[in-house]
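Q: I'll drop the sequence and a predicted model, then ask my questions.
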Amino acid sequence: MTRQVQGAGVAALLAGPTVIAFFEGGYFEKARLIGAIVAWSVVILAVVAVASPLPRSRGGLLALGGLAGLAAWTGLSVTWAPLRGPAFEDFQRLLFYVAVLIGAAALLRPRAAARAVDPALAGGALVVIIYGLSNRLLPGIVHLPHSLSAGGRLEQPLTYWNAMGLLAALGFVLCARIAGDPSRSDGWRIGASAGCVPLGVGVYVSFSRGAIVALALGLAVLILVMPTRTQLRALALVLAAAVPAVIVAAILPGVRALSGGLGAREAEGGAMLVVLLALCAGAAFGYLRFVRHSPAQALNLPRRAPIYVALAVVILGGAGLAAALHERNGASNPAFGATNRRLGSVESNRTAYWGVALKMFAHHPLKGRGSSGFQVDWLRERKIRDPAKDVHSLYLETAAELGIVGLLLLVALFVGVGASAVRAHRRLPELSAGWIAAACAWGVHAGLDWDWEMPAVSLIALVLAGALIAWGDEPRAAAMTATESRRQPEPVGTSA
C-alpha cells in the first residue's frame, strides 16, 4: 500500500507541470489554487509513505528553509505592500512552490522514481510544444487562439512566448541528456533524439532571446557535468537534427509567424511537417549509427573549464547589457513579433524595469517595497508606455520588493540546492547531470524574465531541485541505494 501511495505522489509531481501548462501555465489564481491543493495533498502522501520526509543534509534543509522563509516573508510583506491583493496572490503561489519542493525532496529518493524525472519532464515539455506548434503545421485542422501582443510568436498554451521558449529549452536539455545516457534503453534514447527536433523549432519560433541563451548555457553545463564522448556525440546529433528544422521554419512565414492566407499556410505547414518527420527519422538513424555504440570514454576537459564557462557567461551578460543600453540611447529599436530581426538585437524594456527596481531597493533596502510593489512604482517612474507588472528578473524583483531579507532567503534556497547538486553529482553523475544542466538553464532565464510567476516552467525547476535534494542527502540516499542493489541489480542499457 505504501508503494502505491508513493507512486501516486510521484506521478502527480511529474505530471503537474504538463497539466498546469494547459491552464495558461498556472498564471491565474484558480489553476494555482487547485495546483496548491494537489501539491499539499502530495505532501500528506509523503508523510504517510516516507518515514522521515525532511532531508538530513544541511544543503537540503537550507534550501527548504530558504523557500519556506521566502514564503513567510512574502506573506508578512502583505502588511506593508501597496497592493495587498496581488501581494497575497504571490504568497499563495509560494505556498504552492513550498509544497512541490517538499514533496519532490521526499518522494524522489527511490531510484525508479528518480529515473523517471528526466523522461517525464522532457516528455511533458514535448507534448506542450507540439500542441503549440500544431496550428502552424495543420492550420486547416487545428485552430489555437493567438494574441496581438504575441505578434505571431509561439504562445499557446502558456499564453506567453518567452515562457514557451524556456519550456522548449528545458525539454531540449533533458532530451539531450537522455540521448547521451548509455544506461537507458534504445527506445528512450531514440525518442529523446527525435524529440529535440520539434523542441528546437519551439525555441526558435518563440523568438525568445533569453530562451536561446538559457539553452546554450544548459547544454554547456551538460557537457561539463557529464564529460563523456557518448554525451558529446549525442549533443552533436540532436543539434545537427534540430538546426535544419529551424532553418526551414525560418523561411516559411506561415510556420514562423502565422502569416499569409489559409491556403499558403496549409502548404507551408504540410511541408514543415514532412521536414520534421524526416529529421526525426534522421535523428533516430543517427543515434543507431553514431551514438548507440559510442565508447563511454571521458573527455579530457581542462580542470578550469567551469571557471571559463562562468567567465563567458559574465562577459556575454555584460556585453548584452552594454549593447542594450547603447540601443536604448537611440541606436536602434527591436523589431516586433516573429521576425528574425529580433534575434539581431538585444534591446528590450528590461533595462527600464531594472532601473526602477534598483531605485526601489535603494529606497527600501531592508524589507523592500512589499510583494508586487513594483507595479505601483513602475507606473509612477516609467518613461515609456508599458503596462509592466513584473521586473522581469527574479533576483532584482526580490531585492526591490522584499529587500535584503528576501534576497538572503532566495540565496539560501539557491545555495542549498547548489550544495545538494554537488553531493548528488559526486554520488551519481549519470543520474543528476540532466537535472543540474536544466536547473542552470532555468536559473539564467529567471534572471531575464518573470518565470517565477509562471508555474508551468518554475515547477520543473522545483521538481529538479527536489530531486537534487533527495539524492544529495548522502547518508539516507546511500543506505537506500545499498538496499535497492541487494534487492535487484539494474542491468545497464535496459532500464527506462
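A: Arrived safely, thanks for sending.

Q: how near is the nearest residue to Ala116 once chain neighbours are set aside to Lys389?
A: Among residues not flanking Ala116 along the chain, Leu14 sits closest, at 6.2 Å (Cβ to Cβ, 6 or more residues apart in numbering). In short, each C-beta sits where N, CA and C put it, glycine included. As for Leu14, its distance to Lys389 is 30 Å (criterion: Cβ to Cβ, to the nearest Å).

Q: so for the two, which sits in the more crowded spot?
A: Leu14 (23 against 14; other Cβ atoms under 10 Å).

Q: OK, contacts around that one?
A: The contact partners of Leu14, taken as Cβ atoms under 8 Å, 6 or more residues apart in numbering, are 116-117, 120-121, 124, 463.

Q: what about those, which one has the most neighbours?
A: Counting neighbours by other Cβ under 10 Å, the top entry in the contacts of Leu14 is Leu121, with 30 neighbours.

Q: name the helices or strands packed onto whatever helix or strand that one lives in?
A: Using DSSP states H and E, Leu121 maps to helix 117-137. Counting contacts by 3 or more Cβ pairs under 8 Å, 6 or more residues apart in numbering; DSSP states H and E, helix 117-137 packs against helix 2-21, helix 161-179, helix 186-205, helix 253-257, helix 262-286, helix 429-446, helix 455-472.

Q: kindly export the last one (C-alpha atoms) in CSV.
A: What follows is the C-alpha trace of helix 455-472 in CSV, where atoms were taken according to Å, rounded to 0.1, in the frame of the first residue of the first chain:
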residue,chain,number,x,y,z
PRO,A,455,4.3,27.7,-12.5
ALA,A,456,4.4,25.6,-15.7
VAL,A,457,8.1,26.4,-16.0
SER,A,458,9.1,27.0,-12.4
LEU,A,459,7.5,23.7,-11.2
ILE,A,460,10.0,21.9,-13.5
ALA,A,461,12.9,23.7,-11.7
LEU,A,462,11.4,22.9,-8.3
VAL,A,463,11.0,19.2,-9.1
LEU,A,464,14.6,19.1,-10.3
ALA,A,465,15.7,20.9,-7.2
GLY,A,466,13.8,18.4,-5.1
ALA,A,467,15.4,15.5,-6.9
LEU,A,468,18.8,17.0,-6.3
ILE,A,469,18.0,17.5,-2.6
ALA,A,470,16.8,13.9,-2.4
TRP,A,471,19.9,12.4,-3.9
GLY,A,472,22.2,14.9,-2.2
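
Q: next, the angle helix 429-446 makes with that helix.
A: Helix 455-472 runs at 140 degrees relative to helix 429-446, counting by axes from the mean of the first three to the mean of the last three Cα atoms, to 10 degrees.

Q: swap in the third one?
A: Counting by the same axes, to 10 degrees, helix 186-205 points 10 degrees away from the direction of helix 429-446.

Q: angle of helix 186-205 against helix 262-286?
A: Here helix 186-205 runs at an angle of 140 degrees relative to helix 262-286 (the same axes, to 10 degrees).

Q: would you mind extracting the C-alpha trace of helix 186-205 into CSV?
A: Provided in CSV are the C-alpha atoms of helix 186-205 (Å, rounded to 0.1, in the frame of the first residue of the first chain):
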residue,chain,number,x,y,z
ASP,A,186,17.4,2.4,-27.1
GLY,A,187,13.8,3.3,-27.2
TRP,A,188,14.1,6.1,-24.8
ARG,A,189,17.3,7.4,-26.4
ILE,A,190,15.8,7.3,-29.9
GLY,A,191,12.7,9.1,-28.7
ALA,A,192,14.7,11.8,-27.0
SER,A,193,17.0,12.3,-30.0
ALA,A,194,13.9,12.7,-32.3
GLY,A,195,12.1,14.9,-29.7
CYS,A,196,14.9,17.5,-29.9
VAL,A,197,13.8,18.4,-33.4
PRO,A,198,10.3,19.9,-32.6
LEU,A,199,11.7,21.3,-29.3
GLY,A,200,14.4,23.1,-31.2
VAL,A,201,11.8,24.6,-33.5
GLY,A,202,9.8,25.6,-30.4
VAL,A,203,12.7,27.5,-29.0
TYR,A,204,13.1,29.3,-32.4
VAL,A,205,9.5,30.3,-33.1
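
Q: buried residues in it?
A: 188-205 (16 or more other Cβ atoms under 10 Å).

Q: that helix packs against which elements?
A: Against helix 186-205 (3+ Cβ pairs under 8 Å, 6+ apart) you get helix 117-137, helix 161-179, helix 209-225, helix 229-251, helix 262-286.

Q: 6 Å - rerun?
A: Under the contact criterion of 3 or more Cβ pairs under 6 Å, 6 or more residues apart in numbering; DSSP states H and E, helix 186-205 touches helix 117-137, helix 161-179, helix 229-251, helix 262-286.

Q: what comes into contact with that helix?
A: 126, 129-130, 154, 165, 168-169, 171-172, 175, 178-179, 211, 215, 238, 241-242, 245-246, 249, 276, 279-280, 283-284, 287 (Cβ atoms under 6 Å, 6 or more residues apart in numbering).

Q: how about the residue nearest to Gly210 when sequence neighbours are not counted, secondary structure?
A: Using Cβ to Cβ, 6+ apart and skipping residues adjacent in sequence, the residue nearest Gly210 is Leu448, 4.1 Å away. Following DSSP: H, G, I helix; E, B strand; the rest coil, we place Leu448 in the coil state.

Q: swap in Pro182?
A: On the basis of three-state DSSP, Pro182 is classed as coil.

Q: which phi and psi does it have?
A: phi -70, psi -20 (degrees, to the nearest 10).

Q: might you report the residue contacts of it?
A: When the contact criterion is Cβ under 6 Å, 6+ apart, the partners of Pro182 are 230, 296.

Q: please name the nearest non-neighbouring residue to Ala242.
A: Counting by Cβ to Cβ, 6+ apart, the residue nearest Ala242 is Gly200, at 2.9 Å.

Q: what's the answer for Gly368, then?
A: Gly403 (3.5 Å).

Q: so what's that neighbour up against?
A: By Cβ under 6 Å, 6+ apart, the neighbours of Gly403 are 364-368.

Q: any chance of those in TSV, plus distance to Ala106, pLDDT and neighbour count?
A: Below are those laid out as TSV (distance: Cβ to Cβ, whole Å; pLDDT from 0 to 100; neighbours: other Cβ atoms under 10 Å):
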residue	distance to Ala106	pLDDT	neighbour count
His364	36	96	20
Pro365	36	97	14
Leu366	34	96	9
Lys367	32	96	16
Gly368	31	97	28
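
Q: Arg32: which of those residues is nearest?
A: Gly368 (22.2 Å; Cβ to Cβ).

Q: and the closest one, helix, strand or coil?
A: From three-state DSSP, the assignment for Gly368 is coil.

Q: check contacts around it.
A: 401-403, 406.

Q: at 7 Å instead, please
A: Applying Cβ atoms under 7 Å, 6 or more residues apart in numbering to Gly368 gives the contacts 77, 400-403, 406.

Q: circling back to that earlier point, residues touching the helix holding Leu121, excluding its own?
A: The contact list for helix 117-137 (Cβ under 7 Å, 6+ apart) reads 14, 17-18, 21, 108, 142-144, 154, 156-157, 164, 167-168, 170-171, 174-175, 177-178, 188, 192, 195, 198-199, 201-202, 254-255, 258, 269, 272-273, 434-435, 460, 463, 467, 496.
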